[in-house]
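> just need the structure, nothing else, for what follows:
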Amino acid sequence: MSSETHTTAADFATTTTPAGPFTAIVDADGAVLASGWTADAEELRALIHPTIRPTGLRAFDSLGPVSRAVTDYHAGDLTAIDGITVRQRSGPFLTHAWEILRNVPAGAPVTYTDFATISGRPAATRAAANACARNAAALFVPCHRVIRTDGSLGGFRYGLPIKRWLLDHESA
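Next comes the predicted model:
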């Protein structure tokens, strides 16, 4: 993406879901820049890497395929999110780890240790946890599918009740 991306406005929409309001921000190409269970688009905009962070946001009722994927996922089509393009920037490990997360199947959560291993850095459990913590595109990069070795949930930007709801939804 060009370096001018951060000088443009991006579009956002908030969708009502059983887990709470879900907002997504997309760029001009329709790629998700940030998303999560909040109605605060500015909170999400702040999570976007500075090199691609839009200077402004435009509200819409729907983001077409992205909003449909959110609705379909929450209605039970757990693969609805898989084809949505995500655009995040960071260093090589985080970028790679986010790609790996997109391949963790619904209903089969992995531990932070497993995630570090499948990301190619088995000793880097803390780096794997950092990849989850710095993920701006929740749901589409399903960091909620990473749990602690003892089976407890670990952290989640949008709260453990939402993480529990997501994991239960995916295991149903």
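
> next SSE after the strand ranked longest in the chain?
The longest strand of the chain (DSSP state E) is strand 9-17. Heading C-terminal from strand 9-17, the first helix or strand you meet, by DSSP states H and E, is strand 20-26.

> what ranges do the strands span in this structure?
Assigned strands in the chain, in chain order: 9-17, 20-26, 32-36, 56-59, 110-111, 146-147 (criterion: DSSP E).

> partner strands of the fourth one, with direction?
The strands that strand 56-59 pairs with in its sheet are strand 9-17 (parallel) (by DSSP bridges).

> what residues of the partner strand count as buried?
Neighbour-count burial for strand 9-17 flags 10-15, 17 (criterion: 16 or more other CB atoms under 10 Å). For every residue, glycine as well, the C-beta is placed using N, CA and C.

> the longest strand of the chain versus strand 32-36: what angle between them?
Our comparison of strand 9-17 with strand 32-36, counting by axes from the mean of the first three to the mean of the last three CA atoms, to 10 degrees, yields an angle of 30 degrees.

> what angle sits between strand 9-17 and strand 20-26?
With the same axes, to 10 degrees applied, the angle from strand 9-17 to strand 20-26 works out at 160 degrees.

> next one: strand 9-17 to chain centre, how far?
In terms of CA atoms, centre = their mean, to the nearest Å, the centre of strand 9-17 is found 14 Å from the chain centre.

> just the CA atoms of it, as PDB, please.
Output in PDB follows, covering the C-alpha atoms of strand 9-17 (Å, rounded to 0.1, in the frame of the first residue of the first chain):
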ATOM      1  CA  ALA A   9     -10.500   8.700   5.300                       C
ATOM      2  CA  ALA A  10     -11.700   5.100   5.900                       C
ATOM      3  CA  ASP A  11     -15.200   3.700   6.200                       C
ATOM      4  CA  PHE A  12     -16.700   2.100   9.300                       C
ATOM      5  CA  ALA A  13     -19.900   0.400  10.300                       C
ATOM      6  CA  THR A  14     -21.200  -1.000  13.600                       C
ATOM      7  CA  THR A  15     -23.200  -4.300  13.500                       C
ATOM      8  CA  THR A  16     -25.300  -5.500  16.400                       C
ATOM      9  CA  THR A  17     -24.200  -9.000  17.400                       C
END
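
> nearest to residue 88, of the strands of the chain?
When the strands of the chain are ranked by distance to residue 88, counting by CB to CB, first place goes to strand 32-36 at 7.5 Å.
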